[in-house]
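In: I would like the atomic coordinates for the input below:
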Amino acid sequence: MSSAMMTPFAAMFGVVGTLSAPVLPQRSQAKALAADFDRQQRAARAQWQGERERADPGARDTRSEPPHGSRQ
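Out: Modelled structure (predicted):
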């Protein structure tokens, strides 16, 4: 490849890298936030189920999720 062809290719590669640089950390952060949200939801559900079982250990409730109005 001649240097006349290599220069535009290198410039285009640099521009693409510069434009995509903010996207990669943003996707990584979104994945981390989603994982954290899932962890918090599982912890809240486990806490709710534990409280329900301690309140009435003999009761059988077919619901597997807390009521819609209760948010942690």
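
In: All the strands of the chain, in order from the start?
Out: Counting by DSSP state E, the chain has no strands to list.

In: What ranges in it fall below the confidence cut-off?
Out: 1, 59-72 (pLDDT under 70).

In: again, 50 this time
Out: For the chain, applying pLDDT under 50 flags no range at all.

In: Tell me where this structure has helices.
Out: With helices called from DSSP state H, the chain shows them at 3-20, 23-55.

In: any chance of these in CSV, plus mean neighbour count?
Out: C-beta: built from backbone N, CA, C; applies to glycine. Compiled in CSV, those are given as follows (neighbours: other CB atoms under 10 Å):
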stretch, mean neighbour count
helix 3-20, 9
helix 23-55, 11
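
In: any idea how far the residue nearest the centre of the chain is from Gln40?
Out: Residue closest to the average C-alpha location in the chain (CA atoms, centre = their mean): Ala34, at 1.5 Å. Ala34 sits at a distance of 11 Å from Gln40 (criterion: CB to CB, to the nearest Å).

In: Check Thr7 too.
Out: 51 Å.

In: got it, and Ala4?
Out: 56 Å.

In: got it, and Gln49?
Out: Distance from Gln49 to Gln40, counting by CB to CB: 15 Å.
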